[in-house]
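1. model the structure of this input:
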Amino acid sequence: MAFGILFATVITLILIPSLYAILEHMKYRFIKVDGYQRKGEPTAPAV
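-> Numbering: from 1, shown residues only. Purely as a prediction, here's the structure:
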């Protein structure tokens, strides 16, 4: 029982940063593609 909880905790701690990194990468790619599609506008997102 305790081993299962420990295992799940470790997996979660490993997965959360990688999921966050993937989301950031996807967001950056979408912004770049969006910027390329609209030629007149810069690729950087409006803050």
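
2. need the helices for the chain, in chain order.
-> Using DSSP state H, the helices found in the chain span residues 2-37.

3. quick one: neighbours of Ile22, just the number.
-> Burial measure for Ile22: 10 neighbouring residues, criterion other CB atoms under 10 Å. All C-beta spots, glycine's among them, are computed from the backbone N, C-alpha and C.

4. again with the one 4 residues further on
-> As a burial measure, the neighbour count of Met26 was computed by other CB under 10 Å and equals 10.

5. how near is it to Tyr20?
-> Going from Met26 to Tyr20 by CB to CB, to the nearest Å gives 11 Å.

6. overlap in contacts of these two?
-> Both Met26 and Tyr20 lack any common contacting residue under the criterion CB atoms under 8 Å, 6 or more residues apart in numbering.

7. quick one: average pLDDT of stretch 19-33?
-> Mean pLDDT, stretch 19-33: 79.

8. hey, C-alpha coordinates of it in CSV?
-> Extracted C-alpha coordinates of stretch 19-33, given in CSV (Å, rounded to 0.1, in the frame of the first residue of the first chain):
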residue,chain,number,x,y,z
LEU,A,19,3.7,18.1,-19.1
TYR,A,20,4.3,21.8,-18.2
ALA,A,21,7.3,21.9,-20.6
ILE,A,22,5.3,20.2,-23.4
LEU,A,23,2.5,22.8,-22.9
GLU,A,24,5.0,25.7,-23.0
HIS,A,25,6.5,24.2,-26.2
MET,A,26,3.1,23.8,-27.8
LYS,A,27,2.1,27.4,-26.9
TYR,A,28,5.4,28.7,-28.3
ARG,A,29,4.9,26.8,-31.5
PHE,A,30,1.3,28.0,-31.9
ILE,A,31,2.4,31.6,-31.4
LYS,A,32,5.2,31.2,-34.0
VAL,A,33,2.8,29.6,-36.6
